[in-house]
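Undergrad: Sharing a model that was predicted from the sequence below.
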Amino acid sequence: MAKTVLILGAGPGSGLAVARRLAGEGYQVALVARRKDKLDDLVAGLQASGVTAAGFAHDLTDLPALAGVVDSVVAQFGPIDTLVFAPSAEHWAIPATELTAEVTRDFADLFLYPLIEATRLVLPAMLERGAGQIVYINGGQAIEAPAGMSGPAPAMSAARNYLGTLRQEVAERGVVVSAVFVTALIEQSAAAEAAAAWDPDNEHPRVSSTVIADAVWAFHDRSAGGFEVVVP
């Protein structure tokens, strides 16, 4: 039976690249994103290249409905072997001096709580099978946020802490937990397109989404070691 990857927060950058990379390894692909029109375009592109793929429109901040999405994926494709969590936000650069509890909570609603809930939904079956993979993809601010970039950093740092602890608890039970932190704009991503407004000369570092996809696949090999990687 073909394996299945569920990508939450799928977009034209890292999400699509990971989908193509794992499809090349024989995976079926389930994509979840908020906007159905863009999601349909991603799925159509994958299917046109011979990938078994389907889209499930869902707002990740709607936690109660997430269980239904996971159930729908399992009903169509079977057990979820790999969970990739890679959401993005339109607004990132917020100085710590301007951060509020309300804004911080908004970021946690996207970058932290859905990760925990999705993991809670897929982990029991992975542990029962003694195999599975959970991957988090997000910005390098989770490790160290430079001045002026504190907006989502607290939520992402909390997610990093959660995953690091989870990894230690499930490592001997067949589930690989890992994280890829990106310190550059991802080519073809929505964030890279939006950067044209503040980086018209392309001076900010950029990274190919295929580099991120390769990093995700590298964690599939348990002998690779380590918990997280920073790219580029």
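TA: In hand now; what should we look at? Since this is a predicted model, take the numbers as computed values, not measurements. Numbers count the residues shown, from 1 in each chain.
Undergrad: Give the pairing partners of whichever helix or strand Leu6 is part of; include direction for each.
TA: Element membership of Leu6, judged by DSSP states H and E, is strand 4-8. According to DSSP bridges, strand 4-8 forms sheet pairs with strand 28-33 (parallel), strand 82-85 (parallel).
Undergrad: want to throw those strands into CSV with distance to Ala17?
TA: Every C-beta, even on glycine, is put in place using the N, C-alpha and C of the backbone. CSV is the format used below for the strands paired with strand 4-8 (distance: least, CB to CB, whole Å):
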stretch, distance to Ala17
strand 28-33, 12
strand 82-85, 11
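Undergrad: lowest average confidence, helix or strand, in the protein?
TA: Lowest by mean pLDDT, DSSP states H and E among the helices and strands of the chain is helix 190-194, with a mean of 58.
Undergrad: Go over the secondary structure and confirm Gly26 is in a helix.
TA: No - Gly26: not assigned to a helix; according to DSSP: H, G, I helix; E, B strand; the rest coil it is coil.
Undergrad: For it, the count of nearby residues, please.
TA: 9 (other CB atoms under 10 Å).
Undergrad: which non-adjacent residue is nearest the residue nearest the centre of the chain?
TA: Closest to where the C-alpha atoms of the chain average out (CA atoms, centre = their mean) is Ala86, at 1.8 Å. Among residues not flanking Ala86 along the chain, Ile137 sits closest, at 3.9 Å (CB to CB, 6 or more residues apart in numbering).
Undergrad: what about that neighbour, helix or strand, and which?
TA: strand 132-139.
Undergrad: helix or strand right after that strand?
TA: Immediately after strand 132-139, counting by DSSP H and E, sits helix 153-170.
Undergrad: Whichever helix or strand comes after that next one vs helix 153-170, what angle?
TA: Sequence-wise, the next helix or strand downstream of helix 153-170 (DSSP H and E) is strand 175-182. Counting by axes from the mean of the first three to the mean of the last three CA atoms, to 10 degrees, strand 175-182 lies at 150 degrees to helix 153-170.
Undergrad: pLDDT on strand 175-182, on average?
TA: The predicted model assigns strand 175-182 a mean pLDDT of 94.
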